[in-house]
Every structure is written in structure tokens, then in C-alpha cells.
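Asker: Fold the following and give me the result.
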Amino acid sequence: MEAVLMLEDGTVFKGKSRGARGETAGEVVFNTSMTGYQEIITDPSYCGQIVAMTFPTIGNYGINKEDFESRRPFLRGFIAREICSNPSNWRSVMSLEQYLLENEIVALEGIDTRALTRHLREKGSMKGIISANGAPPRKLQEILRQTPGISEVNFIPEVTTPEVYSLKNEGPHLVILDLGLKRSIGNSLHQSGCRVTVVPASFAAEDIMELNPDGLVLSNGPGDPRMAAGPIKVIENLAGRVPILGICLGHQVVARAMGGKTYKLKFGHRGANHPVYDYNTGKVYITAQNHGFAVDEESLSGNVKVTQRNINDQTVEGVEVEDMNILSIQYHPEAFPGPVDSKYIFTSFLEKVRSFRG
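Answerer: This is a model prediction of the structure:
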């Protein structure tokens, strides 16, 4: 069945429907990863977005039972140049198209994804709509006009855990405030020897302290950090009382709680090959990233120190507030998908936790 992608500036790409029938609208973004489409599709940080993959063939190793990053996919739509119909992998239990259909994800195949990516790089990420039901252009334009922008919606309540859950272990007790947590972050900390408790984003500071944490982690998540008023207040109240690690959206929340500002990037960082320079080690790490907002360095003051920087565009990738035992990074140290260069961040944070405990 024929399908189209219409962008809010009127640009139209024609292709074929490979997922659920119907229409879906959201912010159109691109991801440059060559693998890891299952983890990308189930990353809650894509809530409210239509994801276009730049690698030409997607779905060649199917879908397996182990690599889901959340309880269900939250993205609004999916785009690929070609979606493989005959996957081959010993772990595969279904094709990508089957998964898209089962989860009612509208998907588009067969467009020139290079042209789409170049357009978004030149014009910036923008709203778009995928239609697989033959709706006239005028109707699609009206739907786009009524679709709120990514900074107008608080997506965190949609993606956060509905209840508290734990990963048992004998090590330090870490509480993760779930702003849209990828499961592999919790698993990585658990495998580091920590006892992990994941709590909803609605938890207040004193709710968290009642759990007697040795450290607090603010997870990744979707949308504009300005919408995360509750988590920002949590950090304002707990800074200095417990070691804190912020990841991705959590990093932006930490910066805002420390008096900084954030801003929207033109087309964001989404992929598994972003180089980051670490001032503490003097090394460059290749990182996995997925974010559309960044910390405004000029707004940082006092004891908030920039520790890492993106080599491509010089944006802030890490900050530290040493006297408050706060560490935050813009990228994903768990790296699913992506390189494992930056897993040392978990070790660095656990050193702070153990030092704080005495």
C-alpha cells in the first residue's frame, strides 16, 4: 500500500506502508546507527517522535525477546529505506514488520532517507505526518497544524514506570528516578553490583529519601527538560544530601536544577558514533546518543564544572558539582546500541557513592 510522509514545511516523500495502517504525527528525527533498531524503537526517549534510520537496510536480524528497552514502544512512527522481509538470526522470533504491526506502529519504507536526512540537517527537525490511508494533502496539513510541538507536551508521565520495582543485589542501593528509563541502564548498574530501585517520575524528594538510597540516578527520557518541573525540584532538594548521576534528560534536569538553562538543538544527536572529549582523562570516547536538547554552557555558574564536550559541535556533554557529589552526562554510558567506551561513568559514580558512605 502506498504511503506518504508530509513535513510541516510542505515537503512530501512517497513510499510504501510497512506497519499499521492509518496516520501518525510527531517530530521527525533521524538516527545514524547501523544496528540496534530494536533498542531504538523501544527507547522511551523517542516518545512523540517519528524516527528515520539513515542506514539503508533495517530489520535484517529480526526481533528477539532479550533486547527490548521498555515495556512497549513509545515512538509515533518509523521510517527506513528498506525493511527486510526475511531476517536471519538465531535469536529472532519475528520480523520487524510483524513487530510494527503487532504494536500498531505506522511505518514507511522506500523513500530516499538520504534526502530526508539532508533536509532535516539543513532545515532542522520538524513536525511530520505519515499517512497510509490515502488522506488528501489538505487533511494532512490540518492534522500537522493541530499537532503540538515537542516542547509543548510533557511526555514523562506517558513513559515512566507505573509502579516501584527493584533489582536485588548486595551492593550500594541506587534509586533511579524513571523519566523514560532504558532497561539497560538499570541492568548495567545492577551488573555493577548495585541494588537498584526504580521509582516513578512523580516521586518527591522525601519519598526517595524514605527508601534510604546510597545514590540517586536520573534517567534518560523524552521531550523538553523545561517540562520536568517535578524532577528538577527533586534535585534542588537533594543536591548535597545524596550522590546524584544524571543521564541524557537527567543531565539536562541536573543542569537546570543547578541554575543553568537548556536549548533545542537544530537536529539533535542520535546515533552510536559521537566523539566526546573528557577533560578529566584527556581521552576521546565514542558514545551513543539520543537527544534533541542541550545544556547552555554560558548559563552555568558557581561550582558547576563542564567535564566533557562534543567534538563535532562543542556542546556540553558532561558536568560535575564536586562538592555536592553530582555527576551528569549527556550521552548513554550503557550503550545499547553503541560502543562501550563510556561505561567507566558508572564506575566513577560508584566511587562517589562509596566515598560518600564513608
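
Asker: tell me the strands in the stretch 151-300 of the chain, going along the chain?
Answerer: Assigned by DSSP state E, counting those that start in this stretch, the strands in the stretch 151-300 of the chain fall at 165-167, 173-178, 195-200, 215-218, 244-247, 261-278, 283-296.

Asker: for the stretch 1-150 of the chain, which spans come out with low pLDDT?
Answerer: Within the stretch 1-150 of the chain, no range satisfies pLDDT under 70.

Asker: out of the strands of the stretch 151-300 of the chain, which comes closest to residue 43?
Answerer: Proximity to residue 43, assessed across the strands of the stretch 151-300 of the chain by Cβ to Cβ, is greatest for strand 283-296 (6.3 Å). Where C-beta positions appear, they are placed from N, C-alpha and C, glycine not excepted.

Asker: hmm, who's touching the helix or strand harbouring residue 350?
Answerer: Assigned by DSSP states H and E, residue 350 belongs to helix 344-357. Contact with helix 344-357 is made by 172, 174, 188-189, 192-194, 214-215, 217, 242-243, 245, 325, 327, 329, 333, as judged by Cβ atoms under 8 Å, 6 or more residues apart in numbering.

Asker: Give me the buried entries from these.
Answerer: 172, 174, 188-189, 192, 194, 214-215, 217, 242-243, 245, 325, 327, 329, 333 (16 or more other Cβ atoms under 10 Å).

Asker: Identify those among those that sit within helices.
Answerer: 188-189 (DSSP state H).

Asker: Closest one to residue 96 out of the buried ones among the contacts of helix 344-357, please.
Answerer: Closest to residue 96, out of all of the buried ones among the contacts of helix 344-357 and judged by Cβ to Cβ, is residue 188, at 25.4 Å.

Asker: Wait, the closest one touches residue 343, no?
Answerer: Yes: using Cβ atoms under 8 Å, residue 188 is in contact with residue 343, at 7.0 Å.

Asker: so what sits against both of those two?
Answerer: 333-334.

Asker: From what I see, residue 280 and residue 307 are in contact.
Answerer: Yes: counting by Cβ under 8 Å, residue 280 touches residue 307, with 5.8 Å between them.

Asker: Show me which of the two is the more surrounded one.
Answerer: residue 307 (19 against 11; other Cβ atoms under 10 Å).

Asker: distance of the residue nearest to the spatial centre of the chain from residue 121?
Answerer: Centroid check for the chain by Cα atoms, centre = their mean gives residue 45 as the closest residue, at 3.4 Å. Noted for residue 45: a distance of 20 Å to residue 121, by Cβ to Cβ, to the nearest Å.

Asker: ditto for residue 281
Answerer: 31 Å.

Asker: Next: residue 331.
Answerer: 20 Å.

Asker: who has more neighbours, those two?
Answerer: When residue 331 and residue 121 are compared for neighbours, residue 331 comes out ahead with 28 against 12, by other Cβ under 10 Å.

Asker: how far away is the more buried one from residue 58?
Answerer: Residue 331 is 22 Å from residue 58, by Cβ to Cβ.

Asker: Domain ranges for this protein, per the record?
Answerer: 2-151, 156-357 (automatic domain parsing).

Asker: Doesn't residue 16 belong to a strand?
Answerer: Yes: when DSSP: H, G, I helix; E, B strand; the rest coil is applied, residue 16 is found to be in a strand.

Asker: tally of neighbours for it?
Answerer: With other Cβ under 10 Å as criterion, residue 16 counts 14.

Asker: who touches it in this structure?
Answerer: Residue 16 neighbours (Cβ under 8 Å, 6+ apart): 1-3, 108-110.

Asker: List just the nearest of these to residue 206.
Answerer: residue 108 (46.7 Å).
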